[in-house]
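Asker: here you go, sequence then predicted model.
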Amino acid sequence: QVQLVESGGGLVQAGDSLRLSCTASGRSFSYYGWFRQAPGKEREFVGALRWDSGHTYYADFVKGRFTVSRGNTKNTVYLQMNSLKPEDTAVYYCATTPRDWYLVKPEGDTYYDYWGQGTQVTVSS
């Protein structure tokens, strides 16, 4: 049974940093993605990492501020968020898929088969 466990959310001030963690269990995965959903808005892509190569992908609005990386522990990824803004306030979700990497569009949420429970990030001005 696949499980994704996220942690690291919280309340911070604008300009602060947070690091979210996501650990998956159950099998190997090709991609890990981070998505977020703010109140009243649709879920949107934040960033993704292809596990075998380490290649990363980002939404334009987080480039230069957020970094997705692999942890030393197998099946652990991080989302390092710097220079946080109030508009970054959302529930952040980790997602993963075992599909072959060439079948996945990393920014597309429909390509991910397993999702974490979400962690709240609130950025005050």
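Answerer: All right, it came through fine.

Asker: quick one: the strands in this protein, in order.
Answerer: 3-7, 10-13, 18-25, 31-37, 44-50, 56-58, 66-70, 76-81, 90-97, 114-115, 119-124 (DSSP state E).

Asker: mind putting those strands into TSV with distance to Pro106?
Answerer: The C-beta positions use only the backbone N, C-alpha and C, and glycine is treated the same way. Listed next are the strands of the chain as TSV, based on distance: least, Cβ to Cβ, whole Å:
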stretch	distance to Pro106
strand 3-7	16
strand 10-13	26
strand 18-25	15
strand 31-37	6
strand 44-50	4
strand 56-58	5
strand 66-70	10
strand 76-81	12
strand 90-97	9
strand 114-115	15
strand 119-124	20
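
Asker: Serialize those to a markdown table and add fields for distance to Val104, mean neighbour count and mean pLDDT.
Answerer: Below are these laid out as a markdown table (distance: least, Cβ to Cβ, whole Å; neighbours: other Cβ atoms under 10 Å; pLDDT from 0 to 100):
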| stretch | distance to Val104 | mean neighbour count | mean pLDDT |
| --- | --- | --- | --- |
| strand 3-7 | 16 | 16 | 93 |
| strand 10-13 | 30 | 13 | 98 |
| strand 18-25 | 15 | 19 | 96 |
| strand 31-37 | 5 | 24 | 97 |
| strand 44-50 | 8 | 21 | 97 |
| strand 56-58 | 10 | 17 | 97 |
| strand 66-70 | 15 | 19 | 97 |
| strand 76-81 | 15 | 21 | 97 |
| strand 90-97 | 6 | 23 | 97 |
| strand 114-115 | 13 | 18 | 96 |
| strand 119-124 | 23 | 17 | 98 |
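
Asker: so for Gly108, which of these sits nearest?
Answerer: Proximity to Gly108 (Cβ to Cβ) singles out strand 44-50 among those, at 7.6 Å.

Asker: so what does that closest one touch, helix or strand wise?
Answerer: Applying 3 or more Cβ pairs under 8 Å, 6 or more residues apart in numbering; DSSP states H and E, we find strand 44-50 packed against strand 31-37, strand 56-58, strand 66-70, strand 76-81.

Asker: could I get these as TSV with distance to Gly118?
Answerer: Output for the helices and strands packed on strand 44-50, formatted as TSV (distance: least, Cβ to Cβ, whole Å):
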stretch	distance to Gly118
strand 31-37	8
strand 56-58	20
strand 66-70	17
strand 76-81	13
